[in-house]
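Chemist: Provide a 3D model corresponding to the input given below.
(chains A and B)
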Amino acid sequence: MKIELRSPLPVYKQIKIKVKEAVLQGRINLDDAIPSIRELARDINVNPNTVARAYRELEHEKIIFSRPGVGYMINMSREQIKERFLKELEDELKRPVKRFKKAGISKDEFDRVIKKLWNGSGSNIKENR
Amino acid sequence: MSEVVKIKKLNKVYPGPLQAVRDVNLQIGQGEVHALLGPNGAGNTTTIKSILGFVQYSGEISVLNSDIDSRRGRIAFVPEEKSFYEFLTPSGAITLCESILPSFDRKLALDYVKRFSLPLKKKIRDFSHGMKTSLYLSLTFSQGADLYIFDEPTWGLDPIRRDDVLNIIRNTLIEGSTVLYTSHIISEVERIADRVSIMMDGHVVFTGYLDDIKEKYRIFYLPVDFSHYSTDQTEAVLKDREKLTILTKDTDLIDNLGDDPGAEMTIPDLELFFQLFLRGRQYV
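Modeler: Numbering: from 1, shown residues only, chains lettered A, B, ... in the order given. Coordinates of the predicted model:
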């Protein structure tokens, strides 16, 4: 897991995303154990309180759960996590879609831009939230 | 979260105009790393000296729910200037600490000394500044304290030792201690702090979680003549010949400016945030 301290995205959010991505990409599965707060904090060189915050929110969102004596485990299947991602995508696109629709951009034109981004210039997109 | 340090209406006036602390309120929670940032003379060191009872002050300060004098044994402090018994060796210093500090962990101290590659049997007077600092920190980190207070802990250390110190601070936290420290090095603060307080001219002008800065605050770069905002919506405003820079957490203003094609938005990192706070507050 690689954390960017300088990223506009708060560190605890980066951790949350990485955990979800790991499930989505099939690297960890439902009921698998994930590193403890201390282990992960040491591993990725961040403050344990930050990891704790990320885990607390993931637990609240029912993505992980803690089993006493065992530690934190994944509580959601890949499909369920994917649903979450799609919902997030929808939330993030809401604003730009609304704005460009209002400005007179058609759905086809919007699709064309998405396609262009999808097919290549992806690495140029900066995370900005 | 219970509070390890509580400061209410701290005031400290020195003869002369500088280094005063005015109406400082500050709370440091159990298990957090709290960084005090500010330019020289902003009052950081005075605040720390007041917590430690090294200077007279007015106001209320409680440490671990009591006054400092009854809690001294549970606090470890590293001053900016470190003085030593120069005739001792690290080995002798460890033995001395063991005899006067009840919860001193000899084995841990030896571990740290090894980690910093310090010679055990060499006289401290022959040490470089960096070696002295690492030894001082080794002895401090072995005290098993509940609260660690540092004034510029990594000053004068080479990058490798600095990295070691930051890692040790973080591990100290994992063991459940609380850390309050001052620093000028923003990139370090970004790595280990949970919360930061910014001091300016004796006042605490900001206290908040690092992650909340990225989440709640936005910076907008606007044309110089832009005027569709009120000052109570902004935290800092900076105007130069080419542009107007606004730091804000006002959600209405963020929404409005976010849709404005003439406004360029960025999410502040600590460096930008700090700079804007320091230079842009006089206009607010």
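
Chemist: Show me the domain layout of chain A.
Modeler: A:11-76, A:90-119 (automatic domain parsing).

Chemist: repeat for chain B
Modeler: Per automatic domain parsing, the structural domains of chain B span B:3-84+B:144-211, B:217-279.

Chemist: a markdown table please, covering those domains and showing mean neighbour count, mean pLDDT and distance to B:A109.
Modeler: The C-beta positions use only the backbone N, C-alpha and C, and glycine is treated the same way. Listed next are the domains of chain B as a markdown table, based on neighbours: other C-beta atoms under 10 Å in any protein chain shown; pLDDT from 0 to 100; distance: least, C-beta to C-beta, whole Å:
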| stretch | mean neighbour count | mean pLDDT | distance to B:A109 |
| --- | --- | --- | --- |
| domain B:3-84+B:144-211 | 18 | 87 | 11 |
| domain B:217-279 | 16 | 90 | 33 |
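
Chemist: Around chain A, pick out the residues from the stretch 101-250 of chain B.
Modeler: Where proximity means C-beta under 8 Å from any C-beta of the partner chain, the interface of the stretch 101-250 of chain B facing chain A comprises B:167, B:170-171, B:173-174, B:187, B:190-194, B:210-212, B:214-215.

Chemist: can you tell me which of those are in helices?
Modeler: Counting by DSSP state H, these place B:167, B:170-171, B:173-174, B:187, B:190-192, B:210-212, B:214-215 in helices.

Chemist: Give me the most central residue, chain A.
Modeler: The central residue of chain A, meaning the one whose C-alpha is nearest the mean C-alpha position (C-alpha atoms, centre = their mean), is A:I17 at 2.6 Å.

Chemist: Could you list the low-pLDDT ranges of chain A?
Modeler: A:121-129 (pLDDT under 70).

Chemist: Would you state the helices of chain A in chain order?
Modeler: Under the criterion DSSP H, helices of chain A are mapped to A:11-24, A:37-44, A:48-60, A:78-102, A:107-118.

Chemist: Reformat these as JSON lines; add distance to chain B.
Modeler: Written out in JSON lines, the entries for the helices of chain A read as follows (distance: least, C-beta to the nearest C-beta, whole Å):
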{"stretch": "helix A:11-24", "distance to chain B": "5"}
{"stretch": "helix A:37-44", "distance to chain B": "5"}
{"stretch": "helix A:48-60", "distance to chain B": "5"}
{"stretch": "helix A:78-102", "distance to chain B": "7"}
{"stretch": "helix A:107-118", "distance to chain B": "17"}
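
Chemist: Which of the helices or strands spans B:K9?
Modeler: Counting by DSSP states H and E, the secondary-structure element that holds B:K9 is strand B:3-12.

Chemist: ok, that strand: who's next to it in the sheet?
Modeler: Under the criterion DSSP bridges, strand B:3-12 sits next to strand B:21-29 (antiparallel), strand B:58-63 (antiparallel) in its sheet.

Chemist: what's next to it, contact-wise?
Modeler: Here strand B:3-12 makes contact (C-beta atoms under 8 Å, 6 or more residues apart in numbering or on different chains) with B:20-30, B:43, B:46-47, B:50-51, B:55-64, B:146-147, B:178, B:180.

Chemist: Verify the contact between B:E32 and B:S177 for me.
Modeler: No - counting by C-beta atoms under 8 Å, B:S177 is not a contact partner of B:E32; they are 10.0 Å apart.

Chemist: Show me where chain B has its helices.
Modeler: Secondary structure of chain B, counting by DSSP H: helices at B:44-51, B:68-71, B:90-100, B:106-115, B:129-141, B:159-174, B:186-192, B:210-216, B:251-258, B:270-280.

Chemist: What are the buried residues along the fourth one?
Modeler: The neighbour-count criterion (16 or more other C-beta atoms under 10 Å in any protein chain shown) identifies B:109-110, B:112-113 as the buried residues of helix B:106-115.

Chemist: Tell me the one among those nearest to A:A103.
Modeler: Distance to A:A103 across the buried residues of helix B:106-115 (C-beta to C-beta) is lowest for B:Y112, with 61.4 Å.

Chemist: That closest one and A:E92, how far apart?
Modeler: As for B:Y112, its distance to A:E92 is 46 Å (criterion: C-beta to C-beta, to the nearest Å).

Chemist: same question, B:V55
Modeler: Counting by C-beta to C-beta - B:V55 and A:E92 are separated by 52 Å.

Chemist: same thing with B:G38?
Modeler: Relative to A:E92, B:G38 is positioned 37 Å away (criterion: C-beta to C-beta).

Chemist: B:T248 and B:Q233 touch, don't they?
Modeler: Yes - under the criterion of C-beta under 8 Å, B:T248 lies in contact with B:Q233, with a separation of 5.8 Å.

Chemist: Give the burial count for A:N45, as a bare number.
Modeler: Under the neighbour criterion other C-beta atoms under 10 Å in any protein chain shown, A:N45 is assigned a count of 14.

Chemist: repeat for A:N29
Modeler: Close neighbours of A:N29, defined as other C-beta under 10 Å, add up to 12.

Chemist: from the ones in helices among the residues of the stretch 101-250 of chain B next to chain A, which single one is nearest chain A?
Modeler: Comparing those against chain A with C-beta to the nearest C-beta places B:D211 closest, at 3.7 Å.

Chemist: Report the contact partners of that closest one.
Modeler: A:10-13, A:50, A:53.

Chemist: same question, B:L64
Modeler: Contact analysis of B:L64 by C-beta under 8 Å, 6+ apart lists B:4, B:71, B:74-75, B:146-147.

Chemist: now swap in A:K62 and tell me
Modeler: The contact partners of A:K62, taken as C-beta under 8 Å, 6+ apart, are A:75-76.

Chemist: Okay, it and A:R99: tell me how far apart.
Modeler: According to C-beta to C-beta, A:K62 and A:R99 sit 33 Å apart.

Chemist: swap in A:L9?
Modeler: Note on A:L9: its distance to A:R99, by C-beta to C-beta, is 22 Å.
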